[in-house]
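Undergrad: next one to model:
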Amino acid sequence: MPEDHPCVFVVDDDQPTRESLSNLLRSMGLNVQTFASAHEFLTRPRPAVPSCLVLDVQLPGLSGLDLQQELAKRHAPMPIIFLSGHGDIPMTVRAMKAGAIDFLTKPFRDQDLLHAVEQALHRARQMAQCKITPAAAQPYAADALHDASHLHRGGGRMQEFPPFRLDPVNQCLWRRRDTAEDERVLLTPKGFAVLCYLVVHAGQLVTQEALLAAVWPETHVQPEVLKSRIFEIRGVLGDRAQTPQFIETLPRRGYRFIAPVHDAPAAASTHPQPPVPSLLVGRAGALETLWACLQHALQGQRQLVWVTGEPGIGKTALVDAFV
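TA: Numbering: from 1, shown residues only. Next up, the predicted model:
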């Protein structure tokens, strides 16, 4: 196989299991390397290609979860699919919160594993294309936290770029109207975060890499995701990419917020309200639940939300409508 062909690493202390998994993955044309322990995986040379890890949880010595933590400490991110002989909700939650792709309970269907591996290798290719490692992303993420605190300081003052005011307390924009009360304008959470980062760095070139690292820290997403948020912001601001008044695109480099920005008094603080219901029929209750979790998160209470259900019921559409 080509030297740069993606590789699947299998770590399991049971030899028949290793051989069975290796045969299955190789039958799909994948490059596979097997390891009997976490220690062997950490000490043996591995090819520097996009790769993922199929990892047994119950390993002798260093467990699968311990190996996941060790890779994070070494700033060696790798998409992981966990295998376990028994279902354990706390263990599953811990693994998924740390970034695992999937958690499969033995016995599992071959197709379930192959689907998870496909997802993991897709993530690995994204990570390879992204030049910023988690360690390199930390300064950007720290900047983002500093920016948020900066926007919250100053006795309730907001950032103004007429006819808009950026309100970090209520997580929204206000559009000034001469003949009526100011209009409240909502963005998705990520869209609002992107706009905040650009406004705080007004007049400066902000690279795509910096925005991705600041708004999606330690999460590898494609540049198209950022472009969709920029498109959303421009739609709300009534801005045009060809003749921008607010956000200028610098091809292959990044973005610059070009409108004059200054401090403005805040409007009376209100609690954020959920966005106007979309055309997603019959999911108002689920959207309200997600919005309530977001409000708790904005108050510093970490939230973990599982979106589950049978295939085809609209889980992806629900998440898309929320974000």
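Undergrad: mind listing the strands for the stretch 1-150 of the chain?
TA: 7-11, 31-35, 51-56, 80-84, 102-105 (DSSP state E, counting those that start in this stretch).
Undergrad: among the ones you listed, which comes closest to residue 112?
TA: strand 102-105 (6.1 Å; C-beta to C-beta). Where you see a C-beta, it was placed from the backbone N, CA and C, and this is true even at glycine.
Undergrad: which strands border the closest one, and is each parallel or antiparallel?
TA: Strand 102-105 pairs in its sheet with strand 80-84 (parallel), by DSSP bridges.
Undergrad: just how off-centre is the strand it pairs with within its chain?
TA: On the basis of C-alpha atoms, centre = their mean, to the nearest Å, strand 80-84 sits 20 Å off its chain's mean C-alpha point.
Undergrad: how about residues contacting that strand?
TA: 12, 52-58, 64, 68, 91-92, 95, 99-106, 108, 113, 116-117, 120 (C-beta atoms under 8 Å, 6 or more residues apart in numbering).
Undergrad: which SS class is residue 252?
TA: Secondary structure, DSSP: H, G, I helix; E, B strand; the rest coil: residue 252 is coil.
Undergrad: then residue 160?
TA: Recorded secondary structure, residue 160: strand (three-state DSSP).
Undergrad: contacts only, for it.
TA: Contacts of residue 160 (C-beta under 8 Å, 6+ apart): 166, 261, 262, 263, 264.
Undergrad: got it, and residue 70?
TA: 38, 42, 62.
Undergrad: for the first one, report the pLDDT, please.
TA: What the model reports as pLDDT for residue 38 is 93.
Undergrad: surely it meets residue 58?
TA: No: using C-beta atoms under 8 Å, residue 38 makes no contact with residue 58, being 11.2 Å away.
Undergrad: now for the two: what residues contact both?
TA: Joint contacts of residue 38 and residue 58 (C-beta under 8 Å, 6+ apart) are residue 64.
Undergrad: show me which of these two is the more surrounded one.
TA: More crowded of residue 38 and residue 58, by other C-beta atoms under 10 Å: residue 38, with 24 against 15.
Undergrad: what separation do you get for that one and residue 12?
TA: Taking C-beta to C-beta, to the nearest Å as the measure, residue 38 falls 11 Å from residue 12.
Undergrad: who touches both of these two?
TA: residue 59.
Undergrad: count of neighbours near residue 55?
TA: If we define neighbours as other C-beta under 10 Å, then residue 55 has 27 of them.
Undergrad: confidence score at it?
TA: 93.
Undergrad: same thing with residue 107?
TA: 83.
Undergrad: list the contacts of it.
TA: Residue 107 makes contact with no residue, according to C-beta under 8 Å, 6+ apart.
Undergrad: and stretch 41-54, what's buried?
TA: Neighbour counts over stretch 41-54 (16 or more other C-beta atoms under 10 Å) mark 41, 42, 49, 50, 51, 52, 53, 54 as buried.
Undergrad: just to revisit the earlier point, so of the contacts of residue 70, which ones are in helices?
TA: 38, 42 (DSSP state H).
Undergrad: residue 203: which of the contacts of residue 70 is nearest?
TA: Among these, and counting by C-beta to C-beta, the member closest to residue 203 is residue 42, at 46.1 Å.
Undergrad: tell me which residues touch that closest one, please.
TA: 62, 67, 70.
Undergrad: which residues of the stretch 201-323 of the chain score low on pLDDT?
TA: 218-221, 265-285, 287-288, 292, 294-303, 309-315, 318, 320-323 (pLDDT under 70).
Undergrad: that's a strand at residue 191, yeah?
TA: No: read with three-state DSSP, residue 191 is helix and lies in no strand.
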